[in-house]
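S.K.: Show me how the following folds:
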Amino acid sequence: MRLMKLLLPLLALPVALGGCSMLGLDSATGTPGSSASATPESGDNWLVVANGSATPSPVPSPGKSRPPVLPPVKFLPVDPGCAKDWTVAKPLIPLEVVPGAGKLTVTWPRQYNSDYRITAVKQPLIFGKQPDYPWQAVAAGSGCTVTATISGLKKGTPYIVWLDAPNTGHELDGTRHPYSGRSGVVYPL
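M.R.: Down below sits the predicted model:
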């Protein structure tokens, strides 16, 4: 009996939510077979959906020429002195380091008429505060490459050469041109 008392309200719930239309009666008159009007009452929000037809996919017409997507590109003549191909992985500028007696000779491709600074950083670990690095200023020059020599280095001591090109500028999207470089570990002779 208790179960019946619980089930009866649950069975009546769909009828209560569906109203008279669930029983097939008109909600306004309560008579069978009539239906509610399909026009909106004033103030009611209705969504109107209209049937349409699919638009056919465009079909390319053979034989017609199309204008080029981009204008033709003309490359500047290559200076014969700049024939070396440098692989540039942004933001690093590639370096070539040649060890000498107490010195390192560093060569890199010139980047956007920037001035440069280089330094050789000792690699043995030092406990505590690291010393300031003596930066050497290097002018941009006019050739394809820039070469500078760092001298006064200790024979057999491992160094890494750092390069900074602070005035290389930016691409149109805001990214920096290649602006720094780093060598592997090198040992002066």
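
S.K.: I'd like to know how many residues surround the residue nearest to Glu96 when sequence neighbours are not counted.
M.R.: Distances taken as Cβ to Cβ, 6 or more residues apart in numbering place Thr107 nearest to Glu96, at 4.6 Å, with adjacent residues excluded. Where C-beta positions appear, they are placed from N, C-alpha and C, glycine not excepted. As a burial measure, Thr107 scores 15 neighbours (other Cβ atoms under 10 Å).

S.K.: List the beta-bridge partners for Thr107.
M.R.: Glu96, Thr147 (DSSP bridges).

S.K.: correct me, but it touches Thr149?
M.R.: No. In terms of Cβ atoms under 8 Å, Thr107 does not count as a neighbour of Thr149; the distance is 10.1 Å.

S.K.: circling back to that earlier point, do you know how far the residue nearest to Glu96 is from Trp135?
M.R.: 18 Å (Cβ to Cβ, to the nearest Å).

S.K.: circling back: now do the contacts for the residue nearest to Glu96.
M.R.: For Thr107, the contact set (Cβ atoms under 8 Å, 6 or more residues apart in numbering) comprises 95-96, 98, 145-147.

S.K.: Helices along this structure, start to end?
M.R.: 2-18 (DSSP state H).

S.K.: Poorly predicted segments of it, please.
M.R.: Applying pLDDT under 70 to the chain flags the ranges 1-44, 60-81, 83, 85-91.

S.K.: Go again with 90.
M.R.: Scanning the chain for pLDDT under 90 picks out 1-95, 108-115, 122-134, 139-146, 156, 164-182, 189.

S.K.: Contact partners for Pro158?
M.R.: Pro158 makes contact with 122-124, 185-187, according to Cβ under 8 Å, 6+ apart.

S.K.: OK, contacts around the nearest residue to it once chain neighbours are set aside?
M.R.: Once flanking residues are discounted, Pro158 sits nearest to Gln123: 4.0 Å by Cβ to Cβ, 6+ apart. With contact set as Cβ under 8 Å, 6+ apart, Gln123 has these partners: 157-160, 185.

S.K.: now Gly156
M.R.: Counting by Cβ under 8 Å, 6+ apart, Gly156 has contacts 187-188.

S.K.: before we move on, what about Lys154?
M.R.: 102, 188.

S.K.: same question, Pro99
M.R.: So Pro99 contacts 186-189 (Cβ under 8 Å, 6+ apart).

S.K.: Having no further points to raise, I will conclude here.
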